Each structure stands twice: as structure tokens, then as C-alpha cells.
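In: Pasting the sequence and the predicted model now:
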Amino acid sequence: MGRPLLRWERIAAVSSLLAALCALPLPPISHAPEIAATLAVGAVAALGGMRWGIAVLALTDALLFASLWPVATGDFSAIEQGLATAACLAAIPGLLSIRRSAPHAMALLGVRRAPRTLRLARVALCAVAIAVIAAPMMF
């Protein structure tokens, strides 16, 4: 059994689970259902107290947001746009917790937690998330 969740971890996990549940019924547009399934697994693991679940949430929230943003703002049916918008809004707490999830990502990868590597991991996670989100919006 894992350790008890902190408040921000619980909020990020529950909102990520809601984002995944909103995105799962959508048609396969840019792999959104596959990303949503991975996000749901990470959220359930995080709610179960597993540290690796928080690390999975960090990047899959960014991937889900990036894949559903064109659906939320594009020319799709009202139901698809509503589900995509709800999923994007529910992914925001997970996106905001990317910086805090760096120690969990380092533990998942087996990297020692030194102050310098922790800083580098935080910068790298934030940079990757920004690049993943910005790429579909530019094209």
C-alpha cells in the first residue's frame, strides 16, 4: 500500500480522472482516447497512493490538453466540443502540478534526488509540457 496523498496530489488525481472520463467517449481524434486511458490509469494509481501515478499524471495531462484543444476550438459537433472543453478544463490542475511532480518522476526513473537534479527535472518537465501544449496551437 502507498503513502497517504497530499491535498494537491488528491486534487490533481481527481481532476485528471474527470478529464479522462470526459475524453474517453470522444472519437479517436489525435489519439485522445488512448491518452485518456493512460491518464485514468495514472489517476487511479495516484488515488491508491502510488507515487508513480503522480508522475504519469504530469505528462499525460499535457498530452491530453494538447490533443483535445483543436477539438474544443475547432469545427466539431456541440457534444464533442463540450466534452473536449470539459476535459481541457479538468486537466488544468494536473498541468499546474507539473513542477511539484518532479520528485515522483525522478523516483519513477530511478534517478537520485539531489537538489541540482531536482531543479533540472522541474525545468525539463515544465519545458516538455510547454512544448507539447504549444505545438498543436502553432500549426
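Out: That came through fine.
In: Which parts of the chain are helices?
Out: Counting by DSSP state H, the chain has helices at residues 7-23, 32-47, 51-73, 78-96, 102-109, 115-138.
In: Quick one: low-confidence residue ranges for this protein.
Out: 1-5, 139 (pLDDT under 70).
In: gap between Met138 and Ile130?
Out: To Ile130, Met138 is 12 Å away according to C-beta to C-beta, to the nearest Å. Every residue, glycine included, has its C-beta placed from N, CA and C.
In: Looking at those two now, which is surrounded by more residues?
Out: Ile130 (13 against 5; other C-beta atoms under 10 Å).
In: Distance of the more buried one relative to Val123?
Out: Distance from Ile130 to Val123, by C-beta to C-beta: 11 Å.
In: Also Leu18?
Out: Counting by C-beta to C-beta, the gap from Leu18 to Val123 is 29 Å.
In: okay, the two: which has more neighbours?
Out: Shown here are Leu18 and Val123; by other C-beta under 10 Å, Leu18 has more neighbours (18 against 12).
In: residue contacts, the more buried one?
Out: 86, 90 (C-beta atoms under 8 Å, 6 or more residues apart in numbering).
In: change it to 6 Å
Out: Contacts for Leu18 (C-beta atoms under 6 Å, 6 or more residues apart in numbering) come out as Ala90.
In: is it true that Leu24 touches Ile35?
Out: No. Here Leu24 does not reach Ile35: they are 10.0 Å apart, not a contact under C-beta atoms under 6 Å.
In: Compare those two and say which is more crowded by neighbours.
Out: With neighbours defined as other C-beta under 10 Å, Leu24 and Ile35 compare such that Ile35 has more, 24 against 17.
In: what's the neighbour count on Trp69?
Out: As a burial measure, Trp69 scores 18 neighbours (other C-beta under 10 Å).
In: mind checking how far the residue nearest to Ile92 when sequence neighbours are not counted is from Ala124?
Out: Once flanking residues are discounted, Ile92 sits nearest to Ser15: 7.4 Å by C-beta to C-beta, 6 or more residues apart in numbering. Ser15 sits 23 Å away from Ala124 when distances are taken as C-beta to C-beta.
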